[in-house]
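Participant: Give the three-dimensional model of this entry:
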Amino acid sequence: MRLANLGYLGHMWELFAMWTWVPLFLAASFATSGSHDIASAALAAFAVIAAGGIGCVVGGVLADRFGRTSLTIAAMAASGACALLIGFLYGGPPALVLAVAVVWGITVVADSPQFSAAVSELSPAGTAGSALSLQTAVGFILTAATILSVGALDPGDGTGWRIAFGSLALGPLVGVVAMWRLRGRPDAVKMAGGRR
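Facilitator: Residues are numbered from 1 along each chain as shown. Reported below is the predicted structural model:
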């Protein structure tokens with residue numbers, strides 16, 4: 001349970017800060033590239049966040065097939081890579097920035113339902129509701145800190161965005177390590193019908 005919760009916290013470190021700041025990033029990046037159409041940036045931000053629905057559905061199917069730890073490791077590795085990369089694309093071609101942002105939007109949330117499922121599968125009998133409540137509460141407290149910290153890093157230009165979004169990659173890194181460790185534990189067979 002501790003490792004599943006640590007993986008979840010790594011996921012939450014990134015998720016809500018990304019959702020909060022990606023609309024401003026896209027608008028600023030598009031404007032810097034010479035595309036001053038704010039409606040295009042708003043539509044792009046909607047597409048990035050809405051793409052998470054695809055990530056949740058596909059993530060669930062893949063987790064049931066290949067295992068929860070496998071899916072969460074892959075999703076966090078991909079979303080962390082997007083967090084590191086996208087700041088360097090600031091002001092670049094809008095189509096390229098949007099493509100990376102959509103991949104980030106899909107992968108940043110693809111693992112989310114898997115952490116709740118993992119905790120419900122790993123918690124002692126009769127404690128799943130309390131375990132999930134605690135997991136969610138701590139995760140949302142953490143998101144408040146990361147949302148504010150990205151803003152405090154003053155992501156007003158390319159350098160600021162690289163540092164701000166790059167700092168979000170720390171969460172997936174911790175999450176990958178936690179889920180990798182969980183994968184090696186005997187308890188992992190309790191998840192996803194024995195698929196680690």
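Participant: ok, and the closest non-adjacent residue to the residue positioned nearest the centre of the chain?
Facilitator: Geometric centre of the chain, nearest residue: Val108, 2.8 Å, by CA atoms, centre = their mean. Of all residues beyond its chain neighbours, the one nearest Val108 is Ser79 (4.3 Å), with distances taken as CB to CB, 6 or more residues apart in numbering. Backbone N, C-alpha and C define where each C-beta goes, glycine included.
Participant: What number of residues are in the vicinity of that neighbour?
Facilitator: 29 (other CB atoms under 10 Å).
Participant: Same check on Val61?
Facilitator: Neighbours of Val61 (other CB under 10 Å): 11.
Participant: The one 3 residues further on too?
Facilitator: Using other CB under 10 Å, Asp64 is surrounded by 15 other residues.
Participant: Which element, helix or strand, includes it?
Facilitator: Per DSSP states H and E, Asp64 falls inside helix 52-66.
Participant: next SSE after that helix?
Facilitator: Downstream of helix 52-66 (by DSSP H and E), the next one is helix 68-86.
Participant: Identify the residues contacting the residue nearest to the centre of the chain.
Facilitator: 14-15, 18-19, 52, 55, 75, 79, 82 (CB atoms under 8 Å, 6 or more residues apart in numbering).
Participant: ok, back up a step: what's the spacing between the residue nearest to Val108 and Leu134?
Facilitator: Using CB to CB, to the nearest Å, Ser79 is found at 24 Å from Leu134.
Participant: before we move on, what about Leu62?
Facilitator: Distance from Leu62 to Leu134, by CB to CB: 27 Å.
Participant: what does Ala169 give?
Facilitator: Taken as CB to CB, the span from Ala169 to Leu134 is 26 Å.
Participant: who has more neighbours, the two?
Facilitator: Ala169 (21 against 14).
Participant: Now do the strand or helix carrying Val176: which elements does it pack against?
Facilitator: Per DSSP H and E, Val176 falls inside helix 170-183. When contacts are defined as 3 or more CB pairs under 8 Å, 6 or more residues apart in numbering; DSSP states H and E, helix 170-183 sits against helix 2-32, helix 68-86.
Participant: what's the angle between the last one and helix 2-32?
Facilitator: Regarding helix 68-86 and helix 2-32, their directions subtend 30 degrees when assessed with axes from the mean of the first three to the mean of the last three CA atoms, to 10 degrees.
Participant: Compute the inter-axis angle for helix 68-86 and helix 170-183.
Facilitator: 160 degrees.
Participant: Just the angle for the very next helix or strand once past helix 68-86 relative to helix 2-32, thanks.
Facilitator: With elements assigned by DSSP H and E, the helix or strand that comes after helix 68-86 is helix 94-110. Relative orientation of helix 94-110 versus helix 2-32 (the same axes, to 10 degrees): 160 degrees.
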